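*Asks:* Structure, please.
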Amino acid sequence: MNWQERAIRYMLVYFVLSTVLVTWRYFQRELPVRIAELQDLEAQLYDERSNLSIELQSLTSPVRIREWAAKNGMIPFSGTKKEPTTFEAPSQETLTIPQPKPLEVETRWN
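*Replies:* Reported below is the predicted structural model:
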């Protein structure tokens, strides 16, 4: 094989590879635009998450819950009337704990 045949082969390989790369780039031409759109959407979602987190913290703050409880007629524990009381022990029938089944092993020979 002489240098001219090798040069022709190299040119053909170069032509095929460049054609493949140009074709690939053609099909991927909208990719940078799509990436920019997705980055903008990601930034919007982060902002929305931050705003919702702040709103959640304001809605579930202890002061807000205390105000809601007072508005709905709930009394703080520190302000309730406390009375001593006695509790009866449950009967023995209700305290029975079911015993686990014993371990069973079955051997099958084929």
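*Asks:* what about the spatially most central residue of the chain, distance to Leu56?
*Replies:* Residue closest to the mean C-alpha point of the chain, counted by C-alpha atoms, centre = their mean, is Arg49 at 13.7 Å. Distance from Arg49 to Leu56, counting by C-beta to C-beta, to the nearest Å: 10 Å. (C-beta placed from N, C-alpha, C; glycine too.)
*Asks:* now the protein, which segments are flagged as low pLDDT?
*Replies:* Within the chain, the ranges that satisfy pLDDT under 70 run 110.
*Asks:* Tell me which stretches of the chain form helices.
*Replies:* 3-27, 31-59, 62-71 (DSSP state H).
*Asks:* Turn those into JSON lines, including distance to Pro84.
*Replies:* Listed next are the helices of the chain as JSON lines, based on distance: least, C-beta to C-beta, whole Å:
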{"stretch": "helix 3-27", "distance to Pro84": "81"}
{"stretch": "helix 31-59", "distance to Pro84": "38"}
{"stretch": "helix 62-71", "distance to Pro84": "26"}
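*Asks:* Which one of these lies nearest to Thr107?
*Replies:* helix 31-59 (58.7 Å; C-beta to C-beta).
*Asks:* ok, Leu56 - how many residues close by?
*Replies:* Counted with other C-beta atoms under 10 Å, the neighbours of Leu56 add up to 10.
*Asks:* ok, now Ile54?
*Replies:* 10.
*Asks:* From Ser61, how far off is it?
*Replies:* 11 Å.
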